[in-house]
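> need coordinates for the below:
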Amino acid sequence: LRDAVPDPAGGPYTLALYSHGSWLFRQASVYLTEHLASHGFVVIAGDHTDNWTDIFGFADPLAEDFIIRPREITRQIDFAEELNEPGGEFASTIDVENIGVTGHSFGAHTAMMVGGGRLNTDLFLNEWYAMYPGDPKGAMNRCVLIPPLLDKMAELAGLDAVPEGLWPDWSDPRVDAIFPLAFGAQFFGREGVAAVKVPTLLFESELDWAVGLATAYYEPYTALPTDLRTHVFFANGDH
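Next up is the predicted model:
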């Protein structure tokens, strides 16, 4: 119900944030976000700004969103805290001490980063690209798109140079759990996945056309800290 008045009677309610995939938008997964809300979560699902700078573009946003999107999740948590303050629109309704982040496809990468996962563009370009170069003219070939943008990524991240190995930790300490759906381990490698700090419910699909090869090769679930991981695997599932 649009503009429904919040009901604080059973609250405060656990906060869940949803990060959409590339070239998508906040309403892309209402089957998930509305379902979570129906079970008593306060759900924030925002549009990531990089999508709207070059809608359906196949250039800068593909690299920049690695840097921009984790920061936007942090801003959304800040906003939830403002809403929850006395006099706020959701005063005392949001449990900002219990926060989960979910996301699909690129949103899964974002969820991993705010949970402690770290990029490894060295590995992506020197190992993954060597094994799976793909179509050099393919519009979605990040092995071709990312290298010219590495310096810009480093600048956006406030770094003096492109890191060798793991990029910095961009986790948010307020995030208590993450739920990545269709995560691309080729951008992180096992070491980057192992850096996750919070309980993780990892969703993978057997026939995922977008990230299935990386899932099979890097086995990201096995790289997660053993005391923090739970696995959901969809046989015959796609992206």
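
> make it CA atoms for all contacts and neighbour counts henceforth
Noted.

> buried residues, whichever strand or helix holds D78. List them.
Assigned by DSSP states H and E, D78 falls within helix 60-84. Across helix 60-84, burial judged by 16 or more other Cα atoms under 10 Å covers 60-74, 76-77, 80-81, 83-84.

> and the strand ranked longest in the chain, what other elements does it pack with?
Scanning the chain for the longest strand, with DSSP state E as the assignment, gives strand 94-104. Strand 94-104 is packed against strand 13-19, helix 60-84, helix 106-114, strand 177-181, with contacts defined by 3 or more Cα pairs under 8 Å, 6 or more residues apart in numbering; DSSP states H and E.

> can you give me how far the third one is from the chain middle?
I take that to be helix 106-114. 2 Å (Cα atoms, centre = their mean, to the nearest Å).

> quick one: list the elements packing against it.
Secondary-structure packing of helix 106-114 (3+ Cα pairs under 8 Å, 6+ apart): strand 13-19, helix 60-84, strand 94-104, strand 177-181.

> pLDDT on the third one, on average?
Over the span of strand 94-104, the pLDDT mean works out to 97.

> the nearest residue to H109 once chain neighbours are set aside: what secondary structure?
For H109, ignoring the flanking residues on the chain, the nearest one in space by Cα to Cα, 6 or more residues apart in numbering is F183 at 5.8 Å. Following DSSP: H, G, I helix; E, B strand; the rest coil, the label given to F183 is coil.

> please renumber the chain so that the first residue is 30 from this point on.
Right, with 30 as the first residue, what we last looked at is F212.

> ramachandran coordinates for F212?
With angles defined as degrees, to the nearest 10, F212 sits at phi -90, psi 140.

> one step back: I'd like the helices and strands packed on helix 135-143 as a markdown table, with distance to H260 appended.
Output for the helices and strands packed on helix 135-143, formatted as a markdown table (distance: least, Cα to Cα, whole Å):
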| stretch | distance to H260 |
| --- | --- |
| strand 42-48 | 19 |
| helix 89-113 | 23 |
| strand 123-133 | 14 |
| strand 206-210 | 10 |
